[in-house]
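*Asks:* From the sequence below, what's the structure:
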Amino acid sequence: MKVYLVGSGPGDPELLTVKAKRLLETADVVLYDHLSSPEALRLATKAELINVGKVRDNHTVPQEEIGEILIAQWKARKRVVRLKGGDPYIFGRGGEECEALDKAGVPFEVVPGISSAVGASAYAGIPLTHRDYASCVAFVTGHHPEAIDWHKVAQVDTIAIFMGAFHFPELAAALIAAGRSADTPAAAVTWATRPEQSTVVGTIASLAEAKIQAPAMIYIGGVAQLGAHLNWHERLPLHGVRIAITRARKSAPEMALQLATLGAQVIEYPTIEIAPPLSFEPLDHAIAKLEAYDWLIFTSANAVESFSARLGASSRDLRGLRAKLCAIGPATRKAVEKMHLKVDVVPKEYVAESLVEALKGYSMQGMRILIPRAAVARDTVPEALRAMGAIVEIAEAYRTIVPESGPAPAADWITFTSSSTVKNFLALNEPGAILRYKTASIGPITTETLKMHGVEPTVEAKPHTTEGLIDAILHHHHSSR
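*Replies:* Residues are numbered from 1 along each chain as shown. Prediction:
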């Protein structure tokens with residue numbers, strides 16, 4: 001058993017290394033810093049989380065005590081991860097913690113992370129080296145300006161200053177006094193690699209007069225001016241736009257990733273939670289006579305997953321399935337295909353009415369049809385199929401419940417992917433809370449629910465998928481700009 005000092009990078013959770021991810025997923029205890037990524041911490045599903053972070057002038061856990069906690073947790077035979085922002089050995093005090101572990105005879109391993117200096121420069125379009133501007137780089141801490149030999153540092157082509165936001169006027173004066181021109185290009189990158197990243201490009205003199213927000217990386221030298229042209233991150237189409245997702249937490253990551261890739265700040269606010277049915281007996285009974293059905297219709301990916309899980313837990317397998325398969329939309333079809341099955345019917349529009357229309361091309365007289373679905377759902381499909389002469393059996397596969405999500409977060413947009421997410425949002429919040437947002441509806445049924453509660457959605461997805469929802473937000477944002 002070892003203690004692992006793990007660098008989590010500058011903020012973007014996708015910059016976490018594969019090794020860091022593995023260690024977090026298997027950790028028993030994680031000691032984390034003030035700026036640790038919430039997404040990285042979410043990987044530590046089995047771990048006790050201990051906040052040992054420091055903010056300026058508020059060191060709630062002294063450095064010596066952090067070492068003592070690491071040693072005590074190791075002695076308790078725990079898998080210990082010390083999660084640090086950036087890289088543990090670049091102004092991360094990793095060296096001090098390793099010394100404490102070594103002195104106590106505790107085996108340790110250091111997992112490097114992308115330093116904030118490197119991450120911020122890449123995302124802000126400021127190359128640390130450049131054939132025309134810089135062939136050497138200095139990393140400097142801005143916490144204690146008096147401890148730096150500025151006459152040496154001032155001569156380096158590119159100077160990357162950590163933790164210098166508060167002291168920058170003093171740092172700038174020291175650099176100028178040491179011979180660096182006040183007109184030297186300079187840039188400050190705040191909240192680097194995150195959706196809220198912002199960059200100010202100017203000179204040493206102009207940055208000294210600006211109010212730089214922490215946390216920030218500051219760059220001095222000719223390369224800093226390139227940030228005005230090469231800053232790709234802040235040009236992303238949804239950069240800095242705050243979008244709340246109301247779908248179930250387990251269903252949110254794919255949509256969250258798509259939005260984050262476009263630069264959005266994604267806030268998960270689940271207003272719906274998927275729970276097992278009150279009884280699996282109806283679904284288990286249906287699976288026991290699987291070969292009796294001519295059609296198997298899935299109206300959600302959740303229904304597919306529940307059906308698959310119960311089939312796996314039964315004495316049956318897919319060899320008993322002779323039915324044609326129908327999925328209401330691409331996400332549901334994708335879930336079916338994960339079972340290595342081909343879908344026979346997907347409607348043109350991903351709503352119940354369109355699904356019924358698609359099935360009218362088949363003879364349904366006397367057909368036995370199984371629909372695994374949520375406990376509470378619209379009866380449009382089963383009623384239409386019965387009217388066509390089909391024998392329809394509905395099996396409760398899951399329930400949707402209202403989670404304890406608390407009041408709605410601050411955001412620019414809020415997305416609704418079902419009528420249930422709308423109703424539950426209204427149940428969780430005071431009247432009128434929904435009016436604070438631009439609203440995005442996934443389709444006509446969800447839109448109808450919003451309108452019933454006095455809300456005209458800002459956009460509606462076409463097609464009625466999460467991709468369509470994101471495209472609608474993108475189009476509206478682009479048009480409004």
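*Asks:* how close does residue 104 sit to residue 245?
*Replies:* 44 Å (C-beta to C-beta, to the nearest Å). Glycine gets a C-beta too; all of them are placed from N, C-alpha and C.
*Asks:* I meant to write residue 239 there.
*Replies:* For residue 239, the distance to residue 245 - C-beta to C-beta - is 18 Å.
*Asks:* more crowded one of the two?
*Replies:* residue 245 (29 against 18; other C-beta atoms under 10 Å).
*Asks:* ok, the more buried one touching residue 252?
*Replies:* Yes. Under the criterion of C-beta atoms under 8 Å, residue 245 makes contact with residue 252 at 5.0 Å.
*Asks:* For the nearest residue to residue 469 once chain neighbours are set aside, which residues are in contact?
*Replies:* Using C-beta to C-beta, 6 or more residues apart in numbering and skipping the chain neighbours, the partner closest in space to residue 469 is residue 461 (4.0 Å). By C-beta atoms under 8 Å, 6 or more residues apart in numbering, the contact set of residue 461 is 440, 441, 442, 443, 468, 469, 471, 472.
*Asks:* that older thread, overlap in contacts, residue 245 and residue 252.
*Replies:* 268, 270.
*Asks:* Show me this structure divided up by domain.
*Replies:* 3-114, 118-233, 242-272+403-480, 276-401 (automatic domain parsing).
*Asks:* now those as TSV including mean pLDDT?
*Replies:* Converted to TSV, the domains of the chain look like this (pLDDT from 0 to 100):
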stretch	mean pLDDT
domain 3-114	92
domain 118-233	96
domain 242-272+403-480	94
domain 276-401	94
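*Asks:* Buried residues in the host helix or strand of residue 385, which are they?
*Replies:* Using DSSP states H and E, residue 385 sits in helix 380-387. Using 16 or more other C-beta atoms under 10 Å as the test for burial, helix 380-387 gives 381, 382, 384, 385.
*Asks:* Next one: residue 243 from residue 414, what distance?
*Replies:* 8 Å.
*Asks:* Just the buried positions in stretch 144-151, please.
*Replies:* The neighbour-count check on stretch 144-151 (16+ other C-beta under 10 Å) flags 145, 148, 150 as buried.
*Asks:* ugh, typo on my part, it should be stretch 332-342
*Replies:* For stretch 332-342, by 16+ other C-beta under 10 Å, it's 332, 333, 335, 336, 341.
*Asks:* Give me the subset of those lying in helices.
*Replies:* 332, 333, 335, 336 (DSSP state H).
*Asks:* Counting by contacts, list what the helix of greatest length in the chain packs against.
*Replies:* Identified as the longest helix of the chain according to DSSP H is helix 466-480. On a contact count with 3 or more C-beta pairs under 8 Å, 6 or more residues apart in numbering; DSSP states H and E, helix 466-480 meets helix 252-261, strand 413-416, strand 438-441, strand 459-460.
*Asks:* Residue 311 looks like it's in a helix, true?
*Replies:* Yes. Counting by DSSP: H, G, I helix; E, B strand; the rest coil, residue 311 is located in a helix.
*Asks:* how about the nearest residue to it once chain neighbours are set aside, what does it touch?
*Replies:* Leaving out its chain neighbours, the residue that sits closest to residue 311 by C-beta to C-beta, 6+ apart is residue 287, at 5.5 Å. Residues counted as contacts of residue 287 (C-beta under 8 Å, 6+ apart) are 307, 310, 311, 314, 316.
*Asks:* tell me which residues of the helix or strand hosting residue 287 are tucked away?
*Replies:* Taking DSSP H and E as the criterion, residue 287 maps to helix 281-288. Going by neighbour count (16+ other C-beta under 10 Å), the buried part of helix 281-288 is 283, 286, 287.
*Asks:* partner strands of the following helix or strand past that helix, parallel or antiparallel?
*Replies:* Going down the chain from helix 281-288, the next helix or strand is strand 295-298, by DSSP H and E. In the sheet, strand 295-298 lines up against strand 324-327 (parallel), strand 368-374 (parallel) (DSSP bridges).
*Asks:* can you map out the helices along the stretch 1-150 of the chain?
*Replies:* Per DSSP state H, counting those that start in this stretch, the stretch 1-150 of the chain carries helices over the ranges 18-26, 38-42, 63-75, 94-103, 116-124, 150-153.
*Asks:* Could you look over those and pick the most buried one?
*Replies:* Among those, helix 116-124 has the highest mean neighbour count (mean count of other C-beta atoms under 10 Å), at a mean of 26.
*Asks:* Show me what that helix is packed against.
*Replies:* strand 158-162, strand 185-190, strand 216-220.
*Asks:* what helices or strands is the first one leaning on?
*Replies:* Secondary-structure packing of strand 158-162 (3+ C-beta pairs under 8 Å, 6+ apart): helix 116-124, strand 137-141, helix 168-177, strand 216-220.
*Asks:* Go through stretch 359-375 and flag the buried ones.
*Replies:* For stretch 359-375, by 16+ other C-beta under 10 Å, it's 359, 364, 367, 369, 370, 371, 372, 373, 374.
*Asks:* Then stretch 407-415?
*Replies:* Under 16+ other C-beta under 10 Å, the buried positions of stretch 407-415 are 408, 411, 412, 413, 414, 415.
*Asks:* Nearest the geometric middle of the chain, what residue?
*Replies:* The structure's the chain has its C-alpha centroid closest to residue 256; by C-alpha atoms, centre = their mean the separation is 5.2 Å.
*Asks:* Within the sheet, what are the partner strands of whichever strand in the chain runs longest, with directions?
*Replies:* Identified as the longest strand of the chain according to DSSP state E is strand 391-401. Strand pairing for strand 391-401, using DSSP bridges, gives strand 273-275 (antiparallel), strand 368-374 (parallel).
*Asks:* got CSV for the strands paired with strand 295-298, with distance to residue 199 too?
*Replies:* Converted to CSV, the strands paired with strand 295-298 look like this (distance: least, C-beta to C-beta, whole Å):
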stretch, distance to residue 199
strand 324-327, 45
strand 368-374, 46
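*Asks:* Which one of those lies nearest to residue 476?
*Replies:* Closest approach to residue 476 among these is made by strand 324-327 (28.8 Å; C-beta to C-beta).
*Asks:* centre of the chain versus the closest one, how much separation?
*Replies:* 32 Å (C-alpha atoms, centre = their mean, to the nearest Å).
*Asks:* how about the nearest residue to residue 89, chain neighbours excluded?
*Replies:* residue 95 (6.2 Å).
*Asks:* Let me fix that, I meant to ask about residue 294.
*Replies:* Closest to residue 294 by C-beta to C-beta, 6+ apart is residue 367, at 4.3 Å.
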